[in-house]
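Chemist: Fold the following, please.
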Amino acid sequence: MSAVMPTVADQLRQAREAMKLDVHQVAEITKIRTDHIRALEAGDYEPFVAPVYIRGFVRTYAGLLKLDVARLMADLNAELGQTDKFSEPPALGKPAKSPLDLLMLYLSRIDWRILAAALAMSLLVLLSVLGYRIWHAHKTADPLRKLGPGIYEKPRPAGGDTLPLPRPAPRTNER
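Modeler: Numbering: from 1, shown residues only. I've put the predicted structure just below:
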């Protein structure tokens with residue numbers, strides 16, 4: 001007669017009890033919600049939407065309890081393979097169902113830190129060019145362009161009405 005291997009849930013619960021920790025202490029240390037810890041210790045994987053969460057939580061929890069993580073993960077994969085919900089991994093690389101799905105896929109691949117830095121640099125260059133153009137236009141503008149017509153008399157046409165003014169005689173340096 002062979003001994004029955006304890007389930008992942010049993011191993012987690014027994015290790016926690018051996019370390020004299022309660023569920024709230026484990027939740028505080030691991031940042032895993034208490035209802036998730038209770039579900040893991042009960043072997044109830046239905047509250048989880050995907051196996052990646054279960055694997056991550058079990059890995060974190062097993063690390064805290066100083067269990068053999070690799071062996072526990074292998075046991076977990078075997079247990080998940082027996083469930084209806086998590087028996088097959090989701091298919092990867094399915095084509096997008098709509099243009100919005102495709103757009104969201106491309107947006108999820110963007111490194112926003114690099115994009116933000118590039119946009120900031122572009123804005124800086126644009127503002128520099130715009131500032132230079134404004135400064136250059138101001139510097140080369142005619143300062144009298146806004147000056148309206150002055151108040152002066154119209155020049156009189158040169159005709160016979162006036163005589164030319166005499167020119168002064170050149171000065172000589174005689175003493």
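
Chemist: any idea which helix or strand of the protein has the worst average confidence?
Modeler: The weakest-scoring helix or strand in the chain, judged by mean pLDDT, DSSP states H and E, is helix 99-108 (a mean of 83).

Chemist: Beyond it, next helix or strand please.
Modeler: Elements were assigned by DSSP states H and E; along the chain past helix 99-108, the next helix or strand is helix 112-140.

Chemist: from the middle of its chain, how far away would that following helix be?
Modeler: Its chain's C-alpha centre and that of helix 112-140 lie 22 Å apart, by C-alpha atoms, centre = their mean, to the nearest Å.

Chemist: where's the residue minimising distance to the centre of the chain relative to L119, distance?
Modeler: To find the centre residue of the chain, average its C-alpha atoms and take the closest one (C-alpha atoms, centre = their mean): that gives W112, at 3.5 Å. W112 is 10 Å from L119, where distance means C-beta to C-beta, to the nearest Å. (C-beta placed from N, C-alpha, C; glycine too.)

Chemist: Kindly report the same for L130.
Modeler: Relative to L119, L130 is positioned 16 Å away (criterion: C-beta to C-beta).

Chemist: K20 too?
Modeler: Using C-beta to C-beta, one gets 54 Å for the distance from K20 to L119.

Chemist: Low-confidence ranges, this protein, go.
Modeler: When the per-residue scores of the chain are filtered using pLDDT under 70, the ranges that remain are 1-4, 87-96, 151-164, 174-175.

Chemist: Go again with 90.
Modeler: Screening the chain residue by residue with the criterion pLDDT under 90, one finds the ranges 1-7, 43-53, 67, 69, 74, 76-112, 115, 137-175.

Chemist: ranges for the strands of it?
Modeler: Assigned strands in the chain: none (criterion: DSSP state E).

Chemist: At which residues are the helices of the protein located?
Modeler: Read by DSSP state H, the chain holds these helices, from start to end of the chain: 8-18, 23-30, 34-42, 51-64, 69-81, 99-108, 112-140.

Chemist: If anything else comes up later, I'll come back, but that's it for now.
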